[in-house]
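S.K.: with the input below, show me the fold.
(2 chains)
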Amino acid sequence: MAAHLEFLLRQLPYLLFGYPGQRPGGLVLSILLAVLGVGLGLFVAIGLGSASQSRFRSVRWLTRLYIEIFRGLPLILLLLINYQVVGGGRFGIELSPWWAALISLTLFSSAYQAEIVRSGLQAVPRQLEDSARVIGSTPWQVYSQVKLRYAFRVMMPAFAGQAISLFKDTSVVVVIGVSDLMTVARSALGSDLTNSSYWVSLYIFVGVLYFVVAFGIAQIAERWERRLPSKDLVHSLANY
Amino acid sequence: MLISWISPEAIRLLGQGLAFTLALTVITSLSSMGVGIAFGVLRLAENAVLRHLAGIYITVNRNIPALVQIIFWAYAFPNLFPVELRQQLFFNNALVDWIGGSTGLLVPYYTVAASFALTLNTSAYLAEIFRAGVGTIAQEQVDAARTLGATKRNVLFQLLVPEGLRASFPAISTRLIHNMKNTALAALVSTPELFHNTLTSITRSFRAVDFLLLAAIIYLALAFSMSALLRWCERLLYGSLEPGGDGAEVQSDLQGVPVR
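M.R.: Got it, this is the predicted structure:
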């Protein structure tokens, strides 16, 4: 038991922050990848979500295609495609594992987030839109100041869920060797095989680390959501 | 020829991979549905201990990445046991030999462990989705059933479970497709499924681009057909779900009770 604790303690800084020279790594990098993936994914998703409401059938169809493709592929395959096919130097692009990981996570997440944006926009009450038009707002103002704002409030819980989900999915980047938590865990064992039972304590510990962050974000998001003014209020304001 | 890179060996590998992916998907989908609904029902139990235990199961398995669970159960867990016992329990017994003999797996335990881990992960999500579905059932409907003399067991099995499933079916479908994509993670514990065998084909032919794109097409086709199949199941089980379809009519026929 003491040996296990000592092993974990020795690996702890690497698991949390990565190896010296490869920082940020470990858990911090996993969180960073998830935050950047969801953040960039949000921009793409707002564009896609808006395009999915377009008047033009071809635009709607293209967004549908994008969403279906990036939701239908396993992330692990998407990572390899971006790393080896797109960024393999064949098309004059060389992607480091880090960039390949970030691009893949963004593409993957944006497809899910686009669906959230779409349903958020659909949840905007018609009256709210009409009232804004009546008081003389331009279509763009209606869209950016009224529709998106209202939709964001509806979308918040789903986005929190997507962020947590993406954070857990970052574990898959181990396949292209970004120095995230999962990769550091694997190399920690590679350097110390004196006691194979370290496998158990190490992966339980890694599981705990993922759990603490994922569960923690969920709790914070829930509390935050409760503090936001109720969307029923906005709804009733829109109705009267 | 354009597709001359697809050698007979590659066809064999990808065929085997596809078969394993399909088998893993079917097995883990069915087991996750069963386990998931069971834990979803336990989550509604009157017994507080059972309810909390089910809650812990759901929370733990939902918040740990599927990949960590797969590697833990496949590679780490056997190390808990001393060497000889480990061999007997996981790698060298009649059951494992039988699985290996009938599937051609070199180390059947890894694949069994991956299926187990995927079941833990997906069932936890399904339990939560199912519980949310049960939450949409109107209290009045339960009260009505109780007033008509239905026992608690009847209410559970003839109202809560079927109606909860009906309400949560679209979300369950999404999660099952997610689970199909997650079977690709079993490749990392040497299960010869589609992703794993794609990598094998690449190392043998050095044609990364062709094989990765081919795998992408196959996975997309799988996701589409699974989605179509589940939608077909939904229609078959519950009829048209359009507003004004069967579902809405049945409810409005009951009487003027407002259904939330």
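
S.K.: next, the nearest residue to A:V173 once chain neighbours are set aside: secondary structure please.
M.R.: Leaving aside its sequence neighbours, A:V173 sits nearest to A:A101 (CB to CB, 6 or more residues apart in numbering or on different chains; 4.4 Å). (C-beta placed from N, C-alpha, C; glycine too.) Using DSSP: H, G, I helix; E, B strand; the rest coil, the structure places A:A101 in helix.

S.K.: ok, A:A101 - contacts?
M.R.: Each residue near A:A101 by CB atoms under 8 Å, 6 or more residues apart in numbering or on different chains is listed here: A:L33, A:L79, A:T170, A:V173, A:I176, A:V178, A:D180.

S.K.: any idea how far chain B is from the fifth one?
M.R.: If I follow you right, that is A:I176. 12 Å (CB to the nearest CB, to the nearest Å).

S.K.: wait, A:G26 sits on A:L12?
M.R.: No: contact criterion CB atoms under 8 Å: A:G26 and A:L12 do not qualify, at 9.3 Å.

S.K.: more neighbours, these two?
M.R.: Between A:G26 and A:L12, counted using other CB atoms under 10 Å in any protein chain shown, A:G26 has the larger neighbour count: 27 against 13.

S.K.: enumerate every residue touching the more buried one.
M.R.: Neighbours of A:G26 in contact, by CB under 8 Å, 6+ apart: A:Y14, A:L15, A:L16, A:F17, A:G18, A:S179, A:D180, A:L181, A:V184.

S.K.: which residue packs closest to it, ignoring adjacent ones?
M.R.: A:G18 is the one closest to A:G26 (CB to CB, 6+ apart), at 4.3 Å.

S.K.: surely the one you found and A:A185 touch.
M.R.: No: with contact defined as CB under 8 Å, A:G18 does not count as touching A:A185 (11.4 Å).

S.K.: circling back to that earlier point, and the pLDDT for the residue nearest to A:V173?
M.R.: If you check A:A101, the pLDDT there is 93.

S.K.: show me which residues of chain A are close to chain B?
M.R.: With CB under 8 Å from any CB of the partner chain as the criterion, chain A comes near chain B at residues A:68-69, A:71-77, A:80-81, A:84-85, A:88, A:90, A:164, A:168-169, A:171-172, A:174-175, A:182, A:196-197, A:199-200, A:202-204, A:206-207, A:210-211, A:214-215, A:218.

S.K.: now with 6 Å, please.
M.R.: Contact residues, chain A versus chain B (CB under 6 Å from any CB of the partner chain): A:72-74, A:76-77, A:80-81, A:84-85, A:168, A:171-172, A:196-197, A:199-200, A:203, A:206-207, A:210-211, A:214-215.

S.K.: ok, A:F205 - contacts?
M.R.: Neighbour list for A:F205: A:L8 [criterion: CB atoms under 6 Å, 6 or more residues apart in numbering or on different chains].

S.K.: ok, A:Q162 - contacts?
M.R.: A:Y112, A:Q113.

S.K.: give me the distance between it and chain B.
M.R.: For A:Q162, the distance to chain B - CB to the nearest CB - is 12 Å.

S.K.: and what of A:A45?
M.R.: On the measure of CB to the nearest CB, A:A45 and chain B end up 17 Å apart.

S.K.: count of residues packed around that residue?
M.R.: What A:A45 shows, counting by other CB under 10 Å, is a neighbour count of 27.

S.K.: work out for me the element it sits within.
M.R.: helix A:26-51 (DSSP states H and E).

S.K.: after that helix, next one along is what?
M.R.: Helices and strands here follow DSSP H and E; after helix A:26-51, the next one along the chain is helix A:57-72.

S.K.: and the helix or strand just after that following helix, C-alpha only, in PDB?
M.R.: With elements assigned by DSSP H and E, the helix or strand that comes after helix A:57-72 is helix A:75-80. Extracted C-alpha coordinates of helix A:75-80, given in PDB (Å, rounded to 0.1, in the frame of the first residue of the first chain):
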ATOM      1  CA  LEU A  75     -13.500  10.600 -32.400                       C
ATOM      2  CA  ILE A  76     -10.600   8.200 -32.400                       C
ATOM      3  CA  LEU A  77     -10.900   7.800 -36.200                       C
ATOM      4  CA  LEU A  78     -11.300  11.600 -36.700                       C
ATOM      5  CA  LEU A  79      -8.100  12.200 -34.800                       C
ATOM      6  CA  LEU A  80      -6.100   9.800 -37.000                       C
END
